[in-house]
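Q: Okay, here's the prediction I keep looking at, along with the sequence it came from:
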Amino acid sequence: MPKGATKPGQPPLLQMQDLSVVKNGRRILDGLSLTIREGEHTAIFGPNGAGKTSFIRLITREEYPEPRANGVPPLLILGEELWDVFELRPLLGIISSDLQANFLNRTLPGQTRGLDVVLSGFFASYGLFDHQEVTATMLTRAWRALGLMEAGHLAEACIETMSSGEARRIIIARALVNEPRALILDEPTAGLDLLARNRFLGTLRNLARHGKTIILVTHRVEEIFPEIDRVILLNHGRILHDGPKGEVLTSRHLSSMFGAAVRVRQSHGYYTASSSA
């Protein structure tokens, strides 16, 4: 069994059956059926407006699917239909630009160190507060998470002084302290320059190789790093293609999705796409 793979009898991380989301009378997601298991590194890829944000918001329980007429649950997370969001958060580490922005907006300047942010993952809070007791075990796990993200040097730095890439590493370390079953990353390199993006993707590759399941939600084909084997093309709220990366990321499929000629190239496990017009 591959490292990090789902053990026999374990429910999938995510299971959607004919799932739809309707907002203001419009179908944002339409008839999604998919299963993602632990150990299955997967990219949800599509252009802006494809429904990727709603996909994330389903998992964070900020949006809910339409009930099905036959009574079958349209969405199961770790085998369960209903979740207390505070119980779910430690099990699935969901990383978004919104989460990072919330730390910058809700913490006092000069008072929230990188280590404080990571430790706050144990309490689902924005920073640490006097009534929260940090144990020796928590500190050990926090330093381990910082090490995995190559961010130990940021422990004493204040989050508002960090670059976007540094803050992103700290936010992921915050999720890792709970040893989540998977990391779900929403446009993880947004705002990063070329060198920061490449270094950051290298860190994600290391996490994937060490058994942490990665679900990557993105509109940038170059973010789909070699360890991701499965790609789901999403557009206008529907799944267009779902399968092995080499079979899905083709010039024909992306040209059809974008409605324009797109040329896809592959080199050393990475893909790029460009307009061939």
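A: Now that the structure is in, tell me what you want to look at.
Q: The helix or strand hosting R141 packs against which elements?
A: Applying DSSP states H and E as the criterion places R141 in helix 136-148. Using 3 or more CB pairs under 8 Å, 6 or more residues apart in numbering; DSSP states H and E, the elements in contact with helix 136-148 are helix 114-119, helix 164-176, helix 194-209. To be clear about C-beta, it is placed using only N, CA and C from the backbone, and glycine gets the same treatment.
Q: List the residues that contact L75.
A: If you count contacts by CB atoms under 8 Å, 6 or more residues apart in numbering, L75 has them with 14-17, 19, 58, 65, 81.
Q: Recalculate using a threshold of 6 Å.
A: 16, 19, 65 (CB atoms under 6 Å, 6 or more residues apart in numbering).
Q: H219 too?
A: Per CB under 6 Å, 6+ apart, neighbours of H219: 47-48.
Q: Now do the phi/psi pair for it.
A: phi -110, psi 10 (degrees, to the nearest 10).
Q: pLDDT score assigned to it?
A: H219 is assigned 93 on the pLDDT scale.
Q: Distance of it relative to G202?
A: Distance, H219 to G202, by CB to CB, to the nearest Å: 21 Å.
Q: so where do the strands sit in the stretch 1-150 of the chain?
A: Here the stretch 1-150 of the chain has its strands, by DSSP state E, counting those that start in this stretch, at 14-23, 26-36, 42-45, 75-77, 92-95.
Q: Would you mind measuring from V72 to A136?
A: From V72 to A136 the distance is 46 Å (CB to CB).
Q: For T218, grab the count of nearby residues.
A: T218 has 20 neighbouring residues, counting by other CB atoms under 10 Å.
Q: separation between it and T189?
A: Using CB to CB, we find T218 at a distance of 8 Å from T189.
Q: ok so, going back, show me which of the contacts of L75 are buried.
A: 16, 19, 65 (16 or more other CB atoms under 10 Å).
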